[in-house]
Structures are given as structure tokens and as C-alpha cells.
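Chemist: Turn this into a model:
(chains A and B)
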Amino acid sequence: MSAAPHLNAPPALTHFTTPLAQTPFHPRTEAANRLQGWAPWAGYMTATCFGDSTMEHTAIRNAATLYDISPMVKYRITGPDAVAYLNRLTLRDVGRLAVGQVHYTAWCDDQGKVMDDGTVFRLGPDDFRLCCQERHLPWLLDSAWGLDIRLRDETEDLAALALQGPVSATVLAQAGFDIQALKPFRMTTCPFDTGEVMISRTGFTGDLGYELWISPDLALPLWDHLMQAGALYGLMPVGSEAVMLARLEAGFITTGMDFVPVQHAVREDRARSPFEIGLDWMIAWDKGHFTGRRALMAERDGKSSQWALVGLDIPGNVSAEGAILYFDKRREAGFITAACWSPTLKRNIAIAQVEARYDSCDHLWVEIYALRELQYQKLMLPVTKTARPFFAPERRRATPPGRF
Amino acid sequence: MTYDALILGAGHNGLVTACYLARAGMKVLVIEKNDWVGGAAVSRELTPGFTYSNCSYVASLFRPEIMRDLELPRHGLQILPYEGGAVFQEGGGYLGMYRDHDANRREFARHSARDAEAYDVYSRDVLRYCRFIRPMLLRTPPDPARFRPRDIGELLFIGKQVSGLSERQIADMVRFWTMSISDYLDHYFESPVIKAYLAVSAIIGTALGPMSPGSAYVLLHHYMGDVDGNIGAWGFARGGMGSITKALSSSLQASGGEIRTGAPVARVLVKNGRSIGVVLENGDEIRAKRVISNMDVKRTMLKHVEERELPGDYVASVKKFKTRGSSGKLNIALDAAPKFAALPEGSPAIKGDLHFTDSIEKMERAYDDWKAGHFSRDPFQDVMIPTMIDPTMTPPGKHFMSCFVQYAPPKIGDLAEGGRDWTDADRDAFGEACLNQIERYAPGFRNLIRHVEIRTPRELEAEVGLTEGNIFQGELTFDQLLFNRPVPRYANYRTPVRDLWICGSSTHPGGGVMGAPGRNAASEILRDAKLSPKDMSDAWPVL
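Modeler: Below you'll find the predicted structure:
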């Protein structure tokens, strides 16, 4: 560790009057938020819905949408040991990540329990950005012992927008950004106004889409510029309700919703290993030591995983949110962590945690309480294990991207 | 007439025991030396129109099972959660506390970005220990040396709690139970003022400094309660802490129990090794099938029972039971709310606990004075103004301020040589040190004062009856907990004298306005009398 962590400017003493911070896009999102529906996300106000979540979700799959992802926690890691550091910290091999490339990864504590998942951007040979859901400053600082890196929390220094939907590439082209050659999980930098915007082909909807990263002082000009460029293409801002529906269709998991990060697990047995939430594929066993490796090898070799994360198909059209799963309708076998009736797939889908021995999901039933005019109707339905992603259109990968 | 149960002392635990016994059908009398009920959960009107919380001043530990069983809400009890709190720093800064997680994180981040996030993991760990200990509160500790089925069952119960933990958590927990709070906090935090705030609960009521091993457990003792399920949160009793004992008295009378105030006991009558009643100081005799003392174990056994009735090793243990007083109290009637210079307009911090000790080192130095037999010259204070949210205690715009102060020794001077008693001059000098400290952070505060009640260990012992002024009826150090509280082999609320019981905070699980000792004692007494503990619901499971 070569330097103290960067400290963001201290908030004003009266911050208690605004416990939730506003993102750099707030003047625009507030003006567009017809219902004034807000929820907290990592200490920021985030729009849950601008007026109609159904229309917003439809736009994600039909046209193009803007979602303010500025609250995402962002760390900048630089220095000669940056690769060694991230290889110690995370599960995947950062050495294989090319400059200009992004990968999805996760990291564990020493007991091999997952702390968070996120994306690593390689901005230069010794320059990385780590984006995630939770705050990890103490852990990231401690993980740097003996390594020459600089760590900086740049959450507040960077505004970010997700531009997602089948028409998103067209909107970017219309806005004058050259992204025709940009492949999935790659990034590029384009001049914008007095500065530049970094554009990555990443997202949380499973569809064609991009994420734009910019200095906060250029946030509002960028929003205005994109909205203008997208005016003829149905571009609209969307809230977290529509995005969470889209992410479930894509089969993505969310920290704090589909699993409890170990650092928040009051009940020790709530913590999960990568095997137990379907992230074991990302473990780079051959890269040398990384945090949690010994525990994960023991789990792999001893086949001692207690849980499995599965995708489910459920008959009918009643969402199974919060439901409990039973083996043979009697013994509790797991629980649903996310569920919806998918408008895109016309299927009733869910993500669930099941005890490892029920991994096949044979003879598993879900008990759903369907609320119909203030009265619950109990349903006991058989479930079928199904592959994730639930929805993965070809257009998400096509390079050059389609016009719509 | 002969009562089924005679309870000595109308403190919260005595009243809890009395309520359960009366509900099970016993003929119950509570006698109290003062002209009012309450013990250390007491509210008196020492200035017309101003209700005080004269001793204890906040509530969290009082078990909700008891409130429910004894229908205390129906008898007027309301617990109000509060917000806010601050540590004022030398030089004009402060650390505020907010109920909102993000506001609190941003406040911590003003002092340390790292600590702001470390706080989440710290909270998780302390919550884990709370969850471990809570199931033990409403149970009689096992006697590990006996092999009666019940003791074995209780030992297995504790064993089961431990076996649910990972090796790592067991290691962490042993560290936590034995460490000083200073060392423990160093594992998580770097900011002196954040550590000072978090150390508060580890020294309150305890003759330990923040650097004394064992102080971390005291913190847990203060965190294991809750307000409406919010574990670790604290609240006010609406109308002052006396509302708790008023509600208990009302509940007791509703089920046929009697209370006699102004009736100090002189001696417990013992005949053939059994207690048969008491003699009051005025010479009256009251006969009862069993006598249950809410007084601490020292006061009960050494002052009110003939020593010849007791086994020597028991007397020796009771004499050595640590009851060193460490704290004092200022109760202040104010003509207006004080203005703390550091706080911005509208800050909710003033509605919570306020402190003027901004580092653990300063706390430890305050403790150094105690060791030398002097009250702290620069004391640690836990200041609350419950009237910020409670409209019932003072006229509008006026306030009651409660200042809990450490450290105040039981005697003044060299303790090795026995020390000397507090004098009125000592008491007043102690009060001045506290008032001047507040004045430094709230200029003009002293001009608002209408009345101050200053209580040192001397007053706490003389009025409330707490030996040496120890607010927990015995220190909460690990050597005096569980089956060692108060004395090994007598941790089951019994004494060597048959039909003489103790039900106060000297017994498991200890002090604080918790009611658990009183309830556990009632449970044992009813079991002994082969009566069903009617209206005693099982302790709620910790899910």
C-alpha cells in the first residue's frame, strides 16, 4: 500500500436533513419522475418508477432506456501491483483481462463466502476500476497489505448511465458516438463536450446495451444530449422496478437480494460460497493464491456445498415472490429469492436457493399465496429447473450491433 | 396473618417477582423502606411540575415478555424509542448519531471513511453475540458442579448455543468476553472519537476503565436489549423511569398484591434454618411463608440476616462479591433547552445521549482518578434530555436533564486505607465538575438551571440501598456472571436460609432495568411451591 485512501470531500454538517444523497443526474430524473417514486440505493435516491413500470420495461425490450447507475460503488485501483492485488482479491484471473476489457467477477472472505459480485474494468496496464453493490473500503484496504497499489473510492467522482435496449446502439450513433465496432464487455472513450465519455458494452438487462461513464460536471449535458438523440427512437428514463424485472429475465443475481453478502450475515449459516450461488465457474484455480482459495478447494474436493442456486419455471402466471419450496409438498427444501411473470418470455420464472441435495429440483413444489382482492389463495405448484439466462436474445451480442 | 410471599423492596425486580407470584394465586406483600416505590427505577417530582428519572434514565433491557405477561401497557407503560446522540470534541467538533443508516454512515465518514464502513461489520459481530446471549436471560443458570437433571439440561442448552457456532465465531466470542473494549474496538476502528462513542456502553455502571479486560462484555450487556425488536436500541419510559415501577405496582394491585411503603426492614426472622418473616425497624413483625429480597445480596445477607445463620464460606463469598460503586448522577430541572455550540440548527443529536469525552484515553484518565479515590476531575458523562420527546415530564419549553457521571468512588481518599465517606463538600465539588463541563460545550447552560439533584455513591446507597452505590447490585464482570452470580451454588435465586430468596440484580442475568432476575426468581419460587407459573409466557424464541 503506497498511499492513504482517497477521502471524498466531507459532507456538510447538515447532511442529516438529506440522508439520501442525490446523483449528478438528479435535476433531470426528478423532473421526469411523474410519481416522485424514490428508493434508497447505496445511500443515494434512485427512481423506482417514473410513471409506469410496464411501459418502462417494454422500452427496455423494444426501444432504448436510460437508467441512472451513479449510485453504483466504484473503486479505482492503480499501481505496479494492481494485477496481483485484484488476483488476490477476486475469483477470476485479472491477468487475462485485456486493456479496454471488462469482466464480471466476485470475491470472498477467507472462509470462501461471497462478499459481493461486480465488474472489473481494465483501463490501462496498471489501472482498474471495480464496480459493485456494497461498500468494501476496510476490506479492500486490508487486502492490499504487502502490495504496491493506490486505492481510491471514486463513487462520487463518476456519474454513470445505463443505455439499454435494442435501439441503444442507434441512439449512440445518432448522438455521434462511434461504437459500431465495440464488442460485448469492451469499452471505448469518445470526446464529449469539454471532456470525454467512457462507453462500455455492459449492462444488467441481458439485452443490447451500453453503460456510459462521465465526470459529474458533464452529467447533465450528456443526459440532455442523449435524450435529444433518442427522441425519435422512444428513448425514455426507467426506474429500478423495470430494471429489476429485466435483470430477472436475464437471470442475473443481485447481491443482497439473491444472496446475503457474508459481511452482513448476522446468522452465520446465511453466508454462501460461489458454488452455492452458481458462481463457481469464475474461479481461476490456476492463477495462484487468492482469498478464500483454501476453503473453496476443500468445498470442491469434499463436495460440501450446502446450497444451490437454480432457475425455475413455474406453471401459471402468479409470481412466486417470497415463496417457500417444499420437497414432496412437505419438507422445506429452499426458497425463492426473485420471481416474476415475464412479459417478454410469457413464462412464470424464478431464482431460488435450494438445499444442495435438491439441486435437481425433482419433486419440488412451491407454495404461493396469491393475493386476490384482499384475500390470499394458496397454490401448491410443481416447479421445473430451467437454465439461466431465461432470456438471451442474439441481438445482445451482435457486432456490429443491429439498428433495432 | 401470614403472607405466602413477602418481598423486601419495591424496585422493578421485586415488583416483577411479586406480580408473577400474585398472578399464580399467592398472597403477596411488598414492603419498601422509602415513602415511594421504584428503587432505582423511580421518578420523583423534586421541583413542582418537573418529573425526574432520579436513578436509571433509559430503557432497553426490560424484557418485553414481562411487559406482555403483566399487562404493563394497560397499566400505563409506554417505551419511546429515541433518536440522536453526539460526542462533543475538544476544539468545537462533534460526532453525531442518526437512526438513518446512510446519514449515520456519512456522519462517521466525516471522521473516518474506513470506520464508516467498518461500523457495519462491527454491528454485525456485536449483534451475533447478543443473539447468543439472549436465550439465556430468562433461564436459571445451571450449577455445573451438580448433576441434577435440570442442571444437566441447562448445561446442554448452553452447549447447544455454542455448538451452533463456527470455530471462528467461538474464538471471536471468547476474545470478546475477555477483552477490554479499547482493544476490541481497535480491531475495527481508527478514529478516536468514534471509538470513544462506542466505548460508552462498556463502562457505564462499571468500576472498570475502557482499557480494563472484561469491559467488552459490559458493552454487550447494554446492547442485548431492544426497543420493539430493534436490538441494541434504547428508549425512554414515557413519564420517566418511574413509570415502569408505577405500572408494575398497578398491575400487582390489580391481581390482589399489597404494597406497604415507609416500612424499612430491620431483620429477617430465621427459625430452624427457615425464614418465617421479618421485623421492621419500628418493631412490627410480618410473617410470611417465604421472604424474597429485592435488595442486593450484600445488603440482604450481611445487614438483615444474623451471620450465625449462614455458612462461613457463603458469608465469605458474599463479602467478596464486588459491588464497587463507580458512578454518580445529576438530575437537573431546566428553564429552557440548552444550546450546544457545535450542533447545527435543527440537529436531532440533542434528542439522544450526549457526551464530552472524545477519546478512550480521556475515559481511562477519568478512571485513573477513581482508582486514586477521587471523583473524575474531567468526568465522563452520559447526558440525556428526555423532555425533548416526552411531553409529560415538564411544562412546555422546560426540560429535565439527566446526567449519568463516571467515575465516582464509593469512598474518598486512599481506598487501600479504607478511604473516608463522602462529605457534602465533596458532593458539591463533584457536581461543579460536571456542570462546568457541560457549560464549556453549551455556554449559558448554567443560567437555565432551576434545581440540581446531585447523587454520589453515598446518596445511592443511603436512599436506594445499593451497596457502595453500585447500580448493578454487583459488577458485571465475567467472574460474577451466570452460575457465579452472586455466589457459586446459589445462582438459582436461593440462599442458605430456606425460604429466603433473592430476586434483584445481584442475581443472573444482572443489572439494568431488565426485570429478568425478578421473573426468573418467581419461576423458581413457583416451581418450589409446586404452583403453575400462570401467566408466565415462555421466553420468545430468537429466530
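Chemist: contacts, neighbours, all on C-alpha from now
Modeler: Will do.
Chemist: near chain B, which residues of chain A?
Modeler: By CA under 8 Å from any CA of the partner chain, the residues of chain A that approach chain B are A:7, A:10-11, A:13-16, A:18-20, A:42-43, A:135-138, A:263-268.
Chemist: Just the buried subset of the residues you listed, written out for ChimeraX, thanks.
Modeler: This is the ChimeraX syntax for the buried subset of these, where burial follows 16 or more other CA atoms under 10 Å in any protein chain shown:
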select /A:13,15,16,19,20,42,43,135,136,137,138,263,264,265,266
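Chemist: Among the residues of chain A next to chain B, which are located in helices?
Modeler: Residues of the residues of chain A next to chain B located in helices (DSSP state H): A:L137, A:P138.
Chemist: Mind jotting down where the helices sit in the stretch 151-300 of chain B?
Modeler: All helices of the stretch 151-300 of chain B, identified by DSSP state H, counting those that start in this stretch, fall at B:167-178, B:181-186, B:192-203, B:215-223, B:242-254, B:297-298.
Chemist: Then the stretch 1-150 of chain A?
Modeler: Using DSSP H, counting those that start in this stretch, helices in the stretch 1-150 of chain A cover A:26-32, A:53-62, A:82-89, A:137-142.
Chemist: May I see the ones you listed arranged in CSV, with distance to B:L72 and mean pLDDT as well?
Modeler: As requested, the helices of the stretch 1-150 of chain A are exported to CSV (distance: least, CA to CA, whole Å; pLDDT from 0 to 100):
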stretch, distance to B:L72, mean pLDDT
helix A:26-32, 47, 98
helix A:53-62, 47, 98
helix A:82-89, 53, 98
helix A:137-142, 45, 97
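Chemist: In contact with the residue of chain A found nearest chain B, which residues are there?
Modeler: Closest contact between chain A and chain B, by CA to the nearest CA, is at A:P19 (4.6 Å). Taking CA atoms under 8 Å, 6 or more residues apart in numbering or on different chains, we find A:P19 in contact with A:G43, B:D100, B:D102, B:A103.
Chemist: From these, pick the one nearest B:L6.
Modeler: B:D100 (47.2 Å; CA to CA).
Chemist: Which pLDDT value belongs to the closest one?
Modeler: We have a pLDDT of 92 for B:D100.
Chemist: In contact with it, which residues are there?
Modeler: A:P19.
Chemist: Also B:L476?
Modeler: By CA under 8 Å, 6+ apart, the residues touching B:L476 are B:T206, B:V218, B:G510, B:G511.
Chemist: Is it located within a helix, as I assumed?
Modeler: No: counting by DSSP: H, G, I helix; E, B strand; the rest coil, B:L476 is located in no helix; its state is coil.
Chemist: Quick one, grab the pLDDT at it.
Modeler: Looking at B:L476, its pLDDT stands at 93.
Chemist: Save the contacts of A:P19 as a markdown table, and put in secondary structure too.
Modeler: As requested, the contacts of A:P19 are exported to a markdown table (three-state DSSP):
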| residue | secondary structure |
| --- | --- |
| A:G43 | coil |
| B:D100 | coil |
| B:D102 | helix |
| B:A103 | helix |
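Chemist: Now do the strands in the stretch 201-350 of chain B.
Modeler: All strands of the stretch 201-350 of chain B, identified by DSSP state E, counting those that start in this stretch, fall at B:226-227, B:230-231, B:235-237, B:258-260, B:265-271, B:274-280, B:285-288, B:291-293, B:327-334.
Chemist: Just say which of those strands is most tucked in.
Modeler: Compared across those, strand B:291-293 shows the largest average neighbour count, a mean of 28 (mean count of other CA atoms under 10 Å in any protein chain shown).
Chemist: who does that one touch, helix- and strand-wise?
Modeler: Under the contact definition 3 or more CA pairs under 8 Å, 6 or more residues apart in numbering or on different chains; DSSP states H and E, strand B:291-293 sits against strand B:5-8, strand B:274-280, strand B:500-502.
Chemist: And A:R135, its phi and psi?
Modeler: Note on A:R135: its backbone torsions stand at phi -90, psi 140 [degrees, to the nearest 10].
Chemist: Give me every residue in the stretch 1-150 of chain B lying close to chain A.
Modeler: Applying CA under 8 Å from any CA, we find that the stretch 1-150 of chain B lies next to chain A at B:98, B:100, B:102-103, B:106-107, B:109-110, B:113-115, B:117-118, B:120-121, B:124-125, B:127-128.
Chemist: So the residue nearest to A:W107 when sequence neighbours are not counted versus A:H289, what's the distance?
Modeler: In this structure, A:W107 finds its nearest non-sequential neighbour in A:T90, 4.5 Å apart by CA to CA, 6 or more residues apart in numbering or on different chains. Here the criterion is CA to CA, to the nearest Å. By it, A:T90 lies 10 Å from A:H289.
Chemist: Which one of the two is surrounded by more residues?
Modeler: Counted by other CA atoms under 10 Å in any protein chain shown, A:T90 and A:H289 do not tie: A:T90 has more neighbours, with 24 against 15.
Chemist: Confirm for me that that one is in contact with A:D109.
Modeler: No: judged on CA atoms under 8 Å, A:T90 makes no contact with A:D109 at a distance of 9.9 Å.
Chemist: and chain B, which residues reach chain A?
Modeler: B:98, B:100, B:102-103, B:106-107, B:109-110, B:113-115, B:117-118, B:120-121, B:124-125, B:127-128, B:165-166, B:344, B:347.
Chemist: if we can go back for a sec, contact partners for the residue nearest to A:W107?
Modeler: Neighbour list for A:T90: A:T105, A:A106, A:W107, A:C108, A:F290, A:T291 [criterion: CA under 8 Å, 6+ apart].
Chemist: can we see that at 10 Å?
Modeler: A:105-109, A:116-118, A:120, A:282-284, A:290-292 (CA atoms under 10 Å, 6 or more residues apart in numbering or on different chains).
Chemist: pretty sure B:A333 contacts B:I454?
Modeler: No: using CA atoms under 10 Å, B:A333 is not in contact with B:I454; the gap is 11.8 Å.
Chemist: so which residue of the stretch 401-543 of chain B comes closest to chain A?
Modeler: B:L543 (9.5 Å).
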